[in-house]
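K.L.:
Below: sequence and its predicted model.
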Amino acid sequence: MTRRPALVLAATLLALLLTACAGLPTSGPVNAGRPVTEEEGDSDVAFVPAGPSRGATPAQIVEGFIAAGSGTRNNWETAQQFLTPDFRATWRPQAGVTVYRAGERALAEPAEGEIVLTIAPEATVDATGAYDVAGEGQITIGFRLERVRDEWRIAEAPDGVILDENRFRSVFRSYELMYFDPSWRFLVPDLRWFPTTNAATRIAEALVDGAPSPWLAGSVVSAFSADAGLAQRSVPVRSGVAQVSLESSARQLEPAVLDRMQTQLQESLAGAGIPEVDMLVDDQVLTAEPVNVASTRIDSRPLVLTADAFGFLSGTQVEEILSLSAAVRSVDAAAIEVAASRSMAAVQTPTGAVLRVETGAAPTEIDSRPGLVAPTVDTLNYIWTVPSGSPDAVVAIGTDGAWREIADAWPGATRISAMRVSRDGARIAAVLRVGVRPSLWVAGIVRDADGVPVALGERRLLAVLPGDGVGLAWGDETSLALSYTDGGQTFVLEQPVGGPGTALRAPDGITTVAGGNQPGGVRLRDVDGELYVQRGASWQDQFSGVRVLATQQGTPR
């Protein structure tokens, strides 16, 4: 074959955690662990927290137990030392993670042997590695302790571990599980968080024997099925090659299925620094080749409209797109998104109307409803539109001009300020007002057998914003870039699709955001037509006179 480089609380406490409205400082020394072997496929450093001290008080035992959540080795072996023997047999550390805001905590002992921890939760990670933003406010978590050989030990506690946000980002890492879109043309990432130890095993188990996240399940497909489960849970990595052992029934699968399985595994494990994968049955390598998939990369140059040109900005010159540039310049444009083929664009005029602009055809007005947000294009050239005051009135307009209504698209929302389809056509993000605060959401796009969009899947909250959102773009396959105002200042939020985001101060007066091919590749346009490009944590003024900063949905294939 050829190859190419390429973690909840107990039931009652879980309900309390998710519905109540959490920082506990860790205690005990935490040291760098030994280097791990290549065969284990682990990270270079592991946390080795301290076990319980003789004569420790109940509060100290609970603090030590929390701190030991950073030690993932041998199924959280150190954390288990803080438990009674009976509870140790039933406690499930891999049930999930509660991530809390560092420095915010309260520890109370209402009675001997009872500890109540109050924290401000940042997020939760479930047993499948899915990261979900927590609600505002505080939650309480209870612990009951008993004496074992005259030493306090925990007899009741939630399943899962509890980590502050800083420690969480050191112990866990995000990994992309790769699925296909229903056409089998694009790979669609499903971001999960796993401990860095035994990453290959965790990724393979989640991909082969698991399922897509519920919000994405109706929008992606997998080549893996019950006929190709893991024969063993361990995935050794030797000389840079992950060895994934499958059940013997995998031998009977069609070559095309095996090739897609190989592609999903190889691309998923690449994020763990593993460049090659072997699929084995009874220690024999299955013959499989990665399949060609459509790229979601875009041109690295900004796509701009100036007074006399539309195209890619190179230095101080604008390189026009053959045929399409003239068509775009023939209309008065206030917002532009260009399809991957570069033969069609969705254009919004200053009056708010949306046009389909194509090479070799006259521009066509397709939606003139009042208050439309900037349009967005999917992989099948459907143009998606929605009025800002009616988030439930989303339509996808095909090349035939027919409207496909997306019923109940954003339930509970009273306003929408931006909406963007991902470059793989499987996901859609929106800045909504749900309740009193603006927030960023994502959903999977559900299509029929012909690829026609018919609905949105389960909606997922990514971030609650401190101020109104102004612009939105996909930064790459796994992240979004969003500008918002807070206290009179402008910020850009780089938000993973399932993970903690990072906010950067931005120039004031931003009107448009455009993404790149990786985080940190954001472009901004302000109200005066200045174009800014990201340089680390700062912004460089690159060009003046930009009337529209356009967004790209890919490159021609």
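P.N.:
Done, it's in.
K.L.:
Could you pull out the buried residues of stretch 544-556?
P.N.:
Judged by neighbour count (16 or more other CB atoms under 10 Å), stretch 544-556 contains these buried residues: 546, 548, 549, 550, 551, 552, 553, 554. Glycine gets a C-beta too; all of them are placed from N, C-alpha and C.
K.L.:
Mark which of these are part of strands, please.
P.N.:
Of the buried residues of stretch 544-556, the ones assigned to strands by DSSP state E are 548, 549, 550, 551, 552.
K.L.:
Make JSON lines out of those and add distance to residue 356 and pLDDT.
P.N.:
As requested, those are exported to JSON lines (distance: CB to CB, whole Å; pLDDT from 0 to 100):
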{"residue": "548", "distance to residue 356": "16", "pLDDT": "99"}
{"residue": "549", "distance to residue 356": "20", "pLDDT": "99"}
{"residue": "550", "distance to residue 356": "15", "pLDDT": "99"}
{"residue": "551", "distance to residue 356": "16", "pLDDT": "98"}
{"residue": "552", "distance to residue 356": "17", "pLDDT": "98"}
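K.L.:
Which one of those is nearest to residue 441?
P.N.:
residue 551 (18.7 Å; CB to CB).
K.L.:
ok, the closest one touching residue 419?
P.N.:
No - applying CB atoms under 8 Å as the test, residue 551 and residue 419 come out as separate, 11.9 Å apart.
K.L.:
Helices along this protein, start to end?
P.N.:
Ranges of helices in the chain, per DSSP state H, are 11-19, 58-67, 73-80, 85-88, 165-171, 199-208, 255-270, 324-329.
K.L.:
Those helices: which one's closest to residue 409?
P.N.:
For residue 409, the closest of the helices of the chain is helix 11-19, at 25.0 Å, according to CB to CB.
K.L.:
Check the average confidence over that closest one, would you?
P.N.:
Helix 11-19 shows a mean pLDDT of 35.
K.L.:
quick one: low-confidence parts of the protein?
P.N.:
Scanning the chain for pLDDT under 70 picks out 1-45.
K.L.:
got the domain boundaries for this protein?
P.N.:
Taking automatic domain parsing as the criterion, the chain consists of the domains 11-171, 175-285, 303-552.
K.L.:
Give the bridge partners for residue 416, please.
P.N.:
Beta-bridge pairing for residue 416 (DSSP bridges): residue 432.
K.L.:
Please verify my assumption that it contacts residue 372.
P.N.:
No - using CB under 8 Å, residue 416 makes no contact with residue 372, being 10.2 Å away.
K.L.:
overlap in contacts of the two?
P.N.:
Shared contacts of residue 416 and residue 372, defined by CB atoms under 8 Å, 6 or more residues apart in numbering, comprise 386, 388.
K.L.:
These two: which has the busier surroundings?
P.N.:
The residue with more neighbours, out of residue 416 and residue 372, is residue 416; 26 against 20, by other CB atoms under 10 Å.
K.L.:
Could you tell me which residues make contact with the residue lying closest to residue 274 once chain neighbours are set aside?
P.N.:
Closest residue in space to residue 274, ignoring its immediate chain neighbours: residue 242 at 4.9 Å, by CB to CB, 6 or more residues apart in numbering. If you count contacts by CB under 8 Å, 6+ apart, residue 242 has them with 41, 200, 204, 235, 236, 265, 269, 274, 276, 277, 278.
K.L.:
Check residue 278 too.
P.N.:
1, 241, 242, 243, 244, 285, 286.
K.L.:
one more time with 10 Å, if that's ok
P.N.:
Residue 278 makes contacts with 1, 3, 238, 241-245, 262, 265-266, 284-286, 288, as judged by CB atoms under 10 Å, 6 or more residues apart in numbering.
K.L.:
circling back: of the buried residues of stretch 544-556, closest to residue 489?
P.N.:
Proximity of the buried residues of stretch 544-556 to residue 489 (CB to CB) peaks at residue 549, which lies at 20.5 Å.
K.L.:
The closest one reaches residue 524, doesn't it?
P.N.:
Yes - judged on CB atoms under 10 Å, residue 549 makes contact with residue 524 at a distance of 7.5 Å.
K.L.:
what touches both of the two?
P.N.:
Common contact partners of residue 549 and residue 524 (CB under 10 Å, 6+ apart): 302, 471, 473, 510, 511, 512, 513, 514, 531, 532.
K.L.:
Contact partners for the last one?
P.N.:
Spelled out, it's residue 532. Applying CB under 10 Å, 6+ apart, the residues contacting residue 532 are 302, 492, 506-507, 510, 522-526, 538-543, 546, 549.
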